[in-house]
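Q: got a predicted model here, sequence first, then my questions.
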Amino acid sequence: MRMRSLAPVALAAALALVVAGCGGSSSDTTTAANDLGLKTAGELLVGSDIPYAPFEFTDAGSSDAKGFDVDLVNAVAKQMGIPKVVFQKETFDTIFTSTATGRFDMAASSITITDERKKTVAFSDPYFEANQSVMIRTADAAAAGGMTGQTITPQVAATLLKGRTIGVQRGTTGADLAKTVPGASVKQFQKVDDAFNALIAKRVDVVLNDYAISAYATVAKPDLKVVAKVSPSESYGFAFPKENTALITAFNTALAKVKADGEYAAIYKKWFNEEPPATK
């Protein structure tokens, strides 16, 4: 904020008090946080397609977001000196245009970095490596011998799933993969949980979706089983309006610190019960 003019002696005394009362890193962090072009000073507004467990979701009866992305964004924001983080629901197929037009400061929603999406938004450095996966009904697993336990290429997936009815979440890379399957009938759903439920109800034969999310869902849905991963892996990134380079730069710097000091590994282990893979 602007300050009234002070006499030189008074100004020097005031500065001395500030330096004595505050550590240099705290003062620097606060200054940086106030200069990031946030929609509301001191608050990071995050768009997110909720639920998409275990990355972002809410418990029954609660509006508070939780999950891997939520914990990581909160850790990075703390490192940046931003005292408050607010997650706001947004459907995945509109999250990129909403972010680009400034509805949010950023988006955190298990977002795969792609060249097509880079035309609309800017991305942070990658923070998670993911694969697509093939999910079927547990009762049908014996008939999926060519896939079970395998990591397959998109070409093999397209061959094995030829002519099937495939469930996907609208706007995802799983939906893009489904389009490559010859003769497939692709049913798109607004929420991935709706695709899972359609599979249980036998309205689709298979669901193509990110592995970590599908594998997590099978804990609560034992009637479903992930039988294959699809390579190559994809990188998740956080999305930002392209013009806010100050926020992107500060976020990447803080993200690197969170990774270096072990906090990222702790968050990863909390949600996936294993150490994060070694950095490539």
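A: All right, it came through fine. Residues are numbered from 1 along each chain as shown.

Q: and residue 231, what element?
A: Using DSSP states H and E, residue 231 falls within strand 224-236.

Q: and the helix or strand following that strand, what does it pack against?
A: Stepping forward along the backbone from strand 224-236, the first helix or strand reached (DSSP H and E) is strand 239-240. Using 3 or more CB pairs under 8 Å, 6 or more residues apart in numbering; DSSP states H and E, the elements in contact with strand 239-240 are helix 95-100, strand 106-107, strand 122-123, helix 245-260. (C-beta placed from N, C-alpha, C; glycine too.)

Q: just checking, next helix/strand downstream of the third one?
A: Using DSSP H and E, the next helix or strand after strand 122-123 towards the C-terminus is strand 128-137.

Q: okay, now the unreliable bits of the stretch 101-250 of the chain?
A: Flagging of the stretch 101-250 of the chain using pLDDT under 70 yields the residue ranges 145-146.

Q: for residue 188, give me its contacts.
A: Contacts of residue 188 were listed using CB atoms under 8 Å, 6 or more residues apart in numbering, and they are 168, 169, 170, 175.

Q: now go through these and say which are in helices.
A: Using DSSP state H, the members of the contacts of residue 188 that fall in helices are residue 175.

Q: ok, of the contacts of residue 188, which one's closest to residue 57?
A: Comparing those against residue 57 with CB to CB picks out residue 169 as the nearest, at 14.1 Å.

Q: I'd say that closest one and residue 92 touch.
A: Yes. Checked against CB atoms under 8 Å, the pair residue 169 and residue 92 is within contact range at 6.4 Å.

Q: neighbour count: those two, which is higher?
A: Neighbours per residue (other CB atoms under 10 Å) separate residue 169 from residue 92, with residue 169 holding more: 27 against 23.

Q: now the more buried one: how far from residue 196?
A: For residue 169, the distance to residue 196 equals 10 Å [CB to CB, to the nearest Å].

Q: isn't residue 183 right up against residue 165?
A: No. Residue 183 sits out of contact with residue 165 when judged by CB under 8 Å, with a separation of 10.4 Å.

Q: between the two, which one's more packed in?
A: More neighbours surround residue 165 than the other of residue 183 and residue 165, with 16 against 8 (other CB under 10 Å).

Q: who are the contact partners of that one?
A: The contact partners of residue 165, taken as CB under 8 Å, 6+ apart, are 184, 185, 186, 187, 203, 204, 205, 206.

Q: among the residues you listed, the buried ones, what's the ChimeraX command?
A: Remark: buried members of those, expressed as a ChimeraX selection using 16 or more other CB atoms under 10 Å:
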select :184,186,187,204,205,206
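
Q: make TSV from the contacts of residue 165 and add distance to residue 59 and secondary structure to it.
A: Conversion of the contacts of residue 165 to TSV gives the following (distance: CB to CB, whole Å; DSSP: H, G, I helix; E, B strand; the rest coil):
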residue	distance to residue 59	secondary structure
184	35	coil
185	35	strand
186	32	strand
187	28	strand
203	27	coil
204	27	coil
205	31	coil
206	29	strand
